[in-house]
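In: Quick one: sequence and predicted model below, then my questions.
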Amino acid sequence: MKRRTFLLQGGLLSTGYALLSASPSWASTLLPAGKAGKDELYELFRNPPAIYRPFVRWWWNGDKVEKAELIRELHVMKEAGIGGIEINPIKFPALANDLGKPTLRWLSPEWTDALEATLKEAKQIGLTSDLIVGSGWPFGAEYLEGEERCQLMVIGAKKLEGPLEYEVSEFEMLKEADPTLQSPFGGRTLDMVSLKLAPAKMSSLTEVRDLSHLIGKRTYKIDIPKGKWVLYAQVKITGFMEVINGAPGAEGPVLNHYDEKAVKKYLNHMTDSIQNRMGPLSPYIRSFFADSMEQEGANWTADMAAEFQKRRGYDLMPYFPFMMFKIGSMGNAVDYDYASSFTPDFIDVLQRVRYDFDLTKSELLEERFIKTFVEWCRENKVRSRAQAYGRGYFLLEGSFDIDIPECETWIKNGIGGPVHETNYRIGRANTMINKWVSSAAHLKGKRLISCEELTNTDMVFNDTLEIQKVAGDQSTISGVTHAVFHGFNYSPPDAPFPGWIRYGAYFSEHNTWWPHFRKFTDYKARFSALFQHADMFADIAVLPPVNDMWNIYSAQNEPFPTITHPDYLVNVWEAMHRCGNGCDYVSDKVIRDAQIKNGQLVYGPRSWHTLVLIQVERIDPETTAKLLQFVQAGGKIFCIETIPYKSLGLNNWEAREREVQSHIAQLKNYPDRFVFIRKPEKDFTAWYKQIQQQYNITPYVKVDQPTQYVTQVRYQGGDKEMLLFINSNMNESFAMPVTITPELLHKKQAWVWDADTGARYRMEISGQFDLNLGPAEARLLVFDKEKKGKPYKAPVLSGTAATDIPAAWQATFKHIDGTEKTVTLPQLKDLKELADWVNFSGTVTYRTTIDVTDKSKAQWLNLGKVQGVSTVTVNGKDAGTKWYGRRIYDLSAYLVQGSNTIEVAVVTTMGNYMKTLTDNPVAQYWTNSPKKNQPIQSMGLIGPVTCYGS
């Protein structure tokens, strides 16, 4: 067996996926993993197989697909460096011209035939295939009935003042309770469950008057006593939500994911329909994929109240109207002070009930949906891939059973700029959920961590390859080891420009930068191949206050919660990595199930010397007991802002709270290892650097001058130690002293592995070195026992011995509309500042000549600022293409004595041009509509351009 084949096989096994007794054909040759040869990991990095390349979410728009075009697009994607596809039927884009093409209804014989042809061709040309469950999200279908449909229990309220003889129709109370949703189902049914009258200021349930005997009357006639009161309606809505963007055949109400029988029926209907026609799917697909569960707050099923009673030990229903908030779109609370107000003691009771309710929902979703989905995948001999979050999941444990856990990284305006410390959406592409999903994978020994990456609904036509790189690098730092790009639109060649667009970064052969896209896919593939054969290192565990969130605000809709508690949550783990540590998120359950070994907290393959509690107030006594054991064994705990003092849940809470407080009192006897600290007002990076120094938290890489833009992650694989540094700022460079600890350097040679080219270069590091990262740049350092290789030579950033560059340039503008024009530019400027070219889209080729009398003074060409992909030719010879970061070219092999012709071809974005196409509804929607209005973008060669020697 070839060594290369062995590594591919071993890497697949290392993801933590247990092979089935009858494996799918794509995995049928897998052998037990063993110790790789010394250069095999590098060879894998240098030339990664297709399985490690980015996949794409492939939208079958409206299922208006034809076999010939499906096969053509497969080849287009393969040529661009895509390694796999996620087949994703979806609703046809509303503004696109469908050319009268027929729809193949989901699961119909015609649709299945198209699927079969696609899967066979993909396998033939070496692409891996995944298949989404259902269509759109969350999945459902028109044929679902009764209890099979998603359910929501909500409240409506009327504030009243008596004495008053009050009349209100049942319809009006149902209408008051009916929430304003993003995707309401027209066939939903509303049923009144309870009707109660409560004081406007409540202190206990004894003050509540039950009026449920009135239910069923068209009009409620109620005598309101003197004082201020609130009339509560508790309403159950069945089939409340419609599948978002479902294709024909998979539209209609969302499935009830709390109903195991309904889940099994739905999943089996899908596989039976397909496999009864084309045979087993396992020879052709890697996994079934469950998209994010944005269920608009689904919280009920027929036996929810009974299960709550059984699990929590008391009746939920008397408390329900008072612990619920008024909700709206995506199940988010729209009014926290909607009805009655409550005394502090009663608030505490209701918060405990709210926690118990979220706990029960999460348990049921795990038992009835996640485990059912995973088992169904195994029965069909394929893997499970899922975004196991939304609302109602355990944020960590939700991903434990999934073979390929997945998270999300988005492209938004502001990527590449300042990283906001209280608004997690600004400056970050990785979402809040990424750290949870990657930590869950680490805890279970999984190395394949998937990501719906480069999701783009804000910057369509304006995201550059450089923006995509910054977003992808941030994704990698958050723990992702494989990308599924969002996405590639099925769009026939005869579709009017710009084609059928559902969403996405416009991954299309019609995009200006498409000819260079392979450079990005190569870059991403190398990191995936490497990190799927290694383990991310973490020496610190972080416990976020999820319990407190559930108590105070209820579970949030991930990955974009309306409330983060606390608002600085992500800053803590980010600061740790910027300052040279690594961390995992953990949960109460993980802590309880962990062992204490040699002063460390150990869970599965992970171990941590330090535990950080972020503003945790509420905790189980079983957890505090384990915290006490950890500290007594020599471990260290930091409590940020608060020290736990309250128990969880309502049943027997007083006794459990005394246990918590007893454990905490004992922990305080170890002030050097149980430490209370305050958060900073700002600059969490500098704050954590100070914490490191004050409390002797040793980083594995010491960063003397950390910044919010430069961060790192450490991996270990075989005999290799790896450090990846990234700069997420697209405008600034950063140089900083960095010290590598002896544990990484011991008997090892330092190397720079170049993810752009696959080359590696020997680097001499004895401890401290100067890390210099240009805008959007990354640097991968590998420490191993290899000794021989070319030395690393960084590009020369500037020089005093220079060759003059003329101010004026000739420029040829080759527009995507087919027109071409050559002009002379007196000086270089951002094209958005030139009235004639602000709306240009295509390739601008800038030309000038330089006279070289001394080649030693003209080795390096620095283009300065460039907005777009830049390719330099010298005297007709290609000197290279750069698509991000510093645009510095080594010209030593191309220049001649005397006159030299320099050409710089810059590929621009499309957005400025698309804004001008006022008669094109697709272009206008994505660039000029109220919610998508995009600013004019910078483009072209801006400079200053300099030429200098070493």
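Out: Looks like it arrived, so ask away.
In: Could you use CA atoms for every contact and neighbour count after this?
Out: OK.
In: Centre-most residue in this structure?
Out: For the chain, Glu408 is the residue whose C-alpha lies nearest the centre (CA atoms, centre = their mean; 1.7 Å).
In: Can you say which helix or strand has it in it?
Out: Per DSSP states H and E: Glu408 is located in strand 404-411.
In: Give me the distance from the helix or strand just after that strand to the chain's centre.
Out: Note on strand 404-411: by DSSP H and E, the next helix or strand toward the C-terminus is helix 433-443. Its chain's C-alpha centre and that of helix 433-443 lie 11 Å apart, by CA atoms, centre = their mean, to the nearest Å.
In: could you give the angle of helix 433-443 to strand 404-411?
Out: 150 degrees (axes from the mean of the first three to the mean of the last three CA atoms, to 10 degrees).
In: From the contact counts, what lies against helix 433-443?
Out: Counting contacts by 3 or more CA pairs under 8 Å, 6 or more residues apart in numbering; DSSP states H and E, helix 433-443 packs against strand 404-411, strand 583-585.
In: For it, what does the pLDDT average out to?
Out: Mean pLDDT, computed over helix 433-443, is 98.
In: Contacts for that helix next, please.
Out: 389, 395-397, 399-400, 405-409, 447-449, 475, 478-480, 535-536, 558-559, 584-586, 603-606 (CA atoms under 8 Å, 6 or more residues apart in numbering).
In: Please export the C-alpha coordinates of it as CSV.
Out: Coordinates of each C-alpha in helix 433-443 appear next as CSV, following Å, rounded to 0.1, in the frame of the first residue of the first chain:
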residue,chain,number,x,y,z
ILE,A,433,-21.3,28.7,18.0
ASN,A,434,-17.9,27.8,16.4
LYS,A,435,-16.0,27.5,19.7
TRP,A,436,-18.8,25.3,21.1
VAL,A,437,-18.8,22.9,18.2
SER,A,438,-15.1,22.6,17.9
SER,A,439,-14.7,22.1,21.6
ALA,A,440,-17.3,19.4,21.5
ALA,A,441,-15.4,17.7,18.8
HIS,A,442,-12.1,18.0,20.7
LEU,A,443,-13.8,16.5,23.8
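In: change the start of the numbering to 31 and stick with it
Out: With 31 as the first residue, the last one maps to helix 463-473.
In: Show me what secondary structure element comes after that helix.
Out: strand 480-486.
In: Sheet-wise, list the partners of that following strand with their directions.
Out: Partners of strand 480-486 in the sheet, by DSSP bridges, are strand 434-441 (parallel), strand 512-519 (parallel).
In: circling back to that earlier point, what pLDDT does the residue nearest to the centre of the chain get?
Out: So Glu438 comes in at 97 (pLDDT).
In: ok, it touching Ile479?
Out: No. Using CA atoms under 8 Å, Glu438 is not in contact with Ile479, being 10.8 Å away.
In: ok, Asn91 touching Ala124?
Out: No. Counting by CA under 8 Å, Asn91 does not reach Ala124; the two are 10.3 Å apart.
In: Give me the more crowded residue out of those two.
Out: Asn91 (24 against 13; other CA atoms under 10 Å).
In: what sits against that one?
Out: Applying CA under 8 Å, 6+ apart, the residues contacting Asn91 are 119-123, 277, 519-521, 530, 532.
In: At which residues are the strands of the stretch 231-380 of the chain located?
Out: Applying DSSP state E, counting those that start in this stretch to the stretch 231-380 of the chain gives strands spanning 231-232, 239-240, 249-268, 317-320, 356-357, 363-365, 371-372.
In: Would you mind putting these into JSON lines with mean neighbour count alongside?
Out: Putting the strands of the stretch 231-380 of the chain into JSON lines (neighbours: other CA atoms under 10 Å) gives the following:
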{"stretch": "strand 231-232", "mean neighbour count": "17"}
{"stretch": "strand 239-240", "mean neighbour count": "14"}
{"stretch": "strand 249-268", "mean neighbour count": "19"}
{"stretch": "strand 317-320", "mean neighbour count": "25"}
{"stretch": "strand 356-357", "mean neighbour count": "22"}
{"stretch": "strand 363-365", "mean neighbour count": "15"}
{"stretch": "strand 371-372", "mean neighbour count": "18"}
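In: Chain neighbours aside, what residue packs nearest to Val904?
Out: Nearest non-adjacent residue to Val904, counting by CA to CA, 6 or more residues apart in numbering: Ile932, 4.9 Å away.
In: okay, the one you found: pLDDT?
Out: 97.
In: helices and strands of the protein: which one has the lowest mean pLDDT?
Out: Across the helices and strands of the chain, the lowest-confidence element by mean pLDDT, DSSP states H and E is helix 33-43, at a mean of 39.
In: where does the protein have low pLDDT?
Out: The model of the chain has pLDDT under 70 over residues 31-68.
In: re earlier: now the helix or strand following the least confident helix or strand of the chain: buried residues?
Out: For helix 33-43, the succeeding helix or strand toward the C-terminus, using DSSP H and E, is helix 70-76. Using 16 or more other CA atoms under 10 Å as the test for burial, helix 70-76 gives 71-76.
In: isn't Asn628 right up against Val661?
Out: No. With contacts counted by CA under 8 Å, Asn628 stays clear of Val661, the gap being 11.4 Å.
In: In terms of neighbours, single out the busier of these two.
Out: Between Asn628 and Val661, Val661 has the larger neighbour count (other CA under 10 Å), namely 23 against 12.
In: Contact partners for the more buried one?
Out: 629, 667, 697, 700, 703-704.
In: Can you give me the neighbour number for Leu631?
Out: Other residues close to Leu631 by other CA under 10 Å number 27.
In: For it, list each beta-bridge partner.
Out: Applying DSSP bridges to Leu631 gives these bridge partners: Ile626, Trp638.
In: show me where the stretch 281-430 of the chain has helices.
Out: Using DSSP state H, counting those that start in this stretch, the helices of the stretch 281-430 of the chain run over 290-308, 334-342, 350-353, 374-395, 401-409.
In: relative to helix 401-409, how tilted is the fourth one?
Out: Angular relation of helix 374-395 and helix 401-409 on a 0 to 180 degree scale: 20 degrees, by the same axes, to 10 degrees.
In: can you state the direction angle for helix 374-395 and helix 290-308?
Out: Going by the same axes, to 10 degrees, helix 374-395 makes 30 degrees with helix 290-308.
In: So what's the gap between helix 374-395 and the chain middle?
Out: Per CA atoms, centre = their mean, the centroid offset for helix 374-395 relative to its chain is 28 Å.
In: now for it, which elements pack on it?
Out: Right, helix 374-395 is packed against helix 334-342, helix 350-353, helix 576-582 by 3+ CA pairs under 8 Å, 6+ apart.
In: can you list these in JSON lines and add distance to Cys609 and mean neighbour count?
Out: What follows is those, written out as JSON lines (distance: least, CA to CA, whole Å; neighbours: other CA atoms under 10 Å):
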{"stretch": "helix 334-342", "distance to Cys609": "43", "mean neighbour count": "16"}
{"stretch": "helix 350-353", "distance to Cys609": "42", "mean neighbour count": "22"}
{"stretch": "helix 576-582", "distance to Cys609": "25", "mean neighbour count": "22"}
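In: Nice, that's everything, thank you.
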